[in-house]
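Student: Mind folding the following:
(chains A and B)
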Number of protein chains: 2
Amino acid sequence: MSLIVQKYGGTSVGNVERIKNVARRVARTFSQGNRVVVVLSAMSGETNRLVAFTQECSEFPISREYDAVISTGEQVTIGLLALVLKEMGYQAKSFLGHQVPIITDSSFGSARIEDIKPGNLMAELDRGVIAVVAGFQGVDADGSITTLGRGGSDTTAVALAAALKADVCEIYTDVEGVYTTDPNICSDARKLERVSYDEMLEMASLGAKVLQTRSVEFARKYGVPVMVRSSFNDATGTLVCKEDKEMEKVVVSGVTYNKDEAKISVLRVPDRPGIAALLFRPLTEAGINVDMIVQNISHDSQTDLTFTVTKTEFKHAMKLVKETAGKIEAEDVIGDPNIAKVSIVGAGMRSHAGVASRMFDVMAREGINIQMISTSEIKISCVVDVKYTELAVRVLHEAFGLGKTDVAEEK
Amino acid sequence: MSLIVQKYGGTSVGNVERIKNVARRVARTFSQGNRVVVVLSAMSGETNRLVAFTQECSEFPISREYDAVISTGEQVTIGLLALVLKEMGYQAKSFLGHQVPIITDSSFGSARIEDIKPGNLMAELDRGVIAVVAGFQGVDADGSITTLGRGGSDTTAVALAAALKADVCEIYTDVEGVYTTDPNICSDARKLERVSYDEMLEMASLGAKVLQTRSVEFARKYGVPVMVRSSFNDATGTLVCKEDKEMEKVVVSGVTYNKDEAKISVLRVPDRPGIAALLFRPLTEAGINVDMIVQNISHDSQTDLTFTVTKTEFKHAMKLVKETAGKIEAEDVIGDPNIAKVSIVGAGMRSHAGVASRMFDVMAREGINIQMISTSEIKISCVVDVKYTELAVRVLHEAFGLGKTDVAEEK
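Tutor: Below is the predicted model of the structure:
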């Protein structure tokens, strides 16, 4: 008898009809002899509706009260699913964050899970009850309700799976799994059977919106196998799991892209210790996340410094950087929001030389100018003009043999 | 320094603009040097929306899960009010039922308050915090969320006022107070300055929809002074309080009516012990509430038995009564939904004779036939044809001198 945690997102519980679909799937898993814990998001659109209320009430709403308000969406869906399951003749019980309990710190709006006490859930599972747990929420040491930030329900599911030592954590979503790239760009994009935690992390943070990054970190830390699959059909999904020998044989597992960033270049910065710190400190203080940073060797004690931020923070970042640039006597600040980041990801890169140069070759052959490069052990990212995004993705997908007909097995 | 509990209903918090109005009123009360506890309902319409969801999920939804779902409306409004108050520069904190805690039994959908531990609230009030408490909800011994039934927020407010030994419990609503009768029927209906708990109970259960019956019982039991007033203006409301000498001078305080009942007569019932029990048992088992019951002296060992039920339960009740009538060999069952109950209420009736006969006289003079009569110490109710409702209310209101120009002070 396995213990399975199933998580369903907002579109899967978007109305009562869909909640009934979820109930049928949960019931089937239970009837196959498994113990089942279900984690739900709010109905799609509901959390946005609640956030909008708080924004009408307060300029900076994120606080204890904000979390009390926006956590109600999950409370509704878990109650409704438990009702449907009971109507179908199953024993079911809903659990709010504080009823599990899922204990978090007090960072309202983006709390981190500190501990999960599995006793209450286990006792109910042992009695044959299907446990339905609210995603996205927890409780802090003072008994205040907290929320885990956007996509937090994935994290709830993985953390519960870890605490309950579940056999698998299934994440049901509106796609069938993790693909070699965006099927909207490459019609021959292939669903991956398995992907390692590290690859998934690179893919998640690079723009493949399948799994929330924090949930993958959690899964890696506790070794929880995560199956990503569709709630609308029965196709096998993608298993996110520990890296193994087979995975290392695949040099490139996927091609991802991200059009949500903008580039800022500070020209002819005096090349002195502490200058970079001076430039980035105001950004950090304003809560602006800097992604890629490139600084080249200097000439005449001057250097150019380029970095990327999200498009929504671009204007604010430009203003702050221009202020600092004046103080440190940089020559100019140039911003460019018309960029995209295109990346290749693969656990096999660690042991294969020449992947980067092949990537650059492929892009050069198509006349795509590379503006910035950044690498990690298992990924290479290039910033290019946004107009080349789709072209770059397609040629890389083909060059590394990721298409359906042509499985990548480079030696 | 007084401690004031203020309760605002669904129309008073129907949108963010109105929640801001509530915040200004709360802030003013606090700024006048009072400690303030606010109890809120859900936004008007929200609880109905949530109930409809549960009904889509289950034929008989009322259960632990039902309460988890429908208690979310209040969680939203208390969070939003606390946000607005903080935005205005006040300290404010929201409290869910389990955070107070308000401990109830486990009768989901209509739980009864068993205990309120005031320590958490008192500590915050002592620190200068405005406490914003979710109405309508509590927590049972297992930590499950419970709800108190429709109108339960009034009960929450009064119970909190009792537990905190508040100086007054203010119930803000969309009317200015308790009137001598429905101003839509009598344009000269007068707002009462004070009304006793007993009078208010008779008025509430007779159809004056100002205060929920259970909340008045609670207020009477613990001697909590309750002020009913409008959230849309500053007019003084009606104080519901202990009876005093002045009140007893007023024979009739108000005229009420109720068109929501229907009449069922069982004709020529054998007059044997146990027959009434046989008739009413199936109704009780079906959860049908019987209001007035009239049985007259018997002739030839047979009697007629007449009683009233709510209009919504009329058809169901008729079916059950017809089944029993066949078994006990009653001659016939006659139903009539076209009735109204018109009542006069007054603490002074206890010490004044002749009130009933005067009521019957007044109605006879207008040709209004009285179909049923029922009395208590402080009220007299008559069932009449529904078409006479307004006429009966107007002539009684005038006959007992309740109009604006003509204050009732009968000796």
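Student: Pull the contacting residues for the nearest residue to residue A:313 once chain neighbours are set aside.
Tutor: With Cβ to Cβ, 6 or more residues apart in numbering or on different chains as the criterion, residue A:313 has its nearest non-adjacent residue at 4.7 Å, and that residue is residue A:288. All C-beta spots, glycine's among them, are computed from the backbone N, C-alpha and C. By Cβ atoms under 8 Å, 6 or more residues apart in numbering or on different chains, residue A:288 lies in contact with A:309, A:313, A:316, A:317, A:320.
Student: For those residues, which entry has the maximal number of neighbours?
Tutor: Neighbour counts for the contacts of residue A:288, by other Cβ atoms under 10 Å in any protein chain shown, peak at residue A:309, which reaches 25 neighbours.
Student: if I've got this straight, that residue is in a strand?
Tutor: Yes - with DSSP: H, G, I helix; E, B strand; the rest coil as the criterion, residue A:309 is located in a strand.
Student: check contacts around the closest residue to it other than its chain neighbours.
Tutor: Among residues not flanking residue A:309 along the chain, residue A:317 sits closest, at 4.6 Å (Cβ to Cβ, 6+ apart). Neighbouring residues of residue A:317 by Cβ under 8 Å, 6+ apart: A:264, A:283, A:286, A:288, A:309.
Student: Where does residue A:317 fall, secondary structure wise?
Tutor: Residue A:317 is part of helix A:314-327, with elements assigned from DSSP states H and E.
Student: helix or strand right after that helix?
Tutor: strand A:332-336.
Student: My guess is residue A:18 contacts residue A:9. True?
Tutor: No - the pair residue A:18 / residue A:9 is not scored as a contact, 10.7 Å apart, by Cβ atoms under 8 Å.
Student: now the lowest-mean-pLDDT helix or strand in chain A, how far from the chain's geometric center?
Tutor: Within chain A, no helix or strand scores below helix A:245-249, which has a mean of 82 by mean pLDDT, DSSP states H and E. In terms of Cα atoms, centre = their mean, to the nearest Å, the centre of helix A:245-249 is found 24 Å from the chain centre.
Student: same for it, what does it pack against?
Tutor: Counting contacts by 3 or more Cβ pairs under 8 Å, 6 or more residues apart in numbering or on different chains; DSSP states H and E, helix A:245-249 packs against strand A:194-196.
Student: Rounded mean pLDDT for the strand it packs on, please.
Tutor: Averaging pLDDT along strand A:194-196 yields 94.
Student: With adjacent residues omitted, what lies nearest to residue A:125?
Tutor: In space, and not counting its chain neighbours, residue A:125 is closest to residue A:35: 4.6 Å by Cβ to Cβ, 6+ apart.
Student: Specify which residues of chain A, grouped into ranges, have pLDDT under the cut-off.
Tutor: Within chain A, the segments meeting pLDDT under 70 span A:206-208, A:405-411.
Student: Residues of chain A that sit close to chain B?
Tutor: Within chain A, the residues that sit near chain B (Cβ under 8 Å from any Cβ of the partner chain) are A:16, A:19-20, A:50, A:53-54, A:56-59, A:61, A:63-69, A:71-72, A:75-76, A:78-80, A:82-84, A:86-87, A:92-94, A:96, A:98-99, A:143-145.
Student: Contacts only, for the residue nearest the centre of chain A.
Tutor: In chain A, the centroid-proximal residue (Cα atoms, centre = their mean) is residue A:212; its distance is 2.7 Å. Residue A:212 makes contacts with A:150, A:151, A:152, A:154, A:155, A:204, as judged by Cβ under 8 Å, 6+ apart.
Student: Excluding covalently adjacent residues, which one is nearest to the residue of the stretch 101-250 of chain A found nearest chain B?
Tutor: Nearest residue of the stretch 101-250 of chain A to chain B (Cβ to the nearest Cβ) works out as residue A:143 at 5.8 Å. Distances taken as Cβ to Cβ, 6+ apart place residue B:99 nearest to residue A:143, at 5.8 Å, with adjacent residues excluded.
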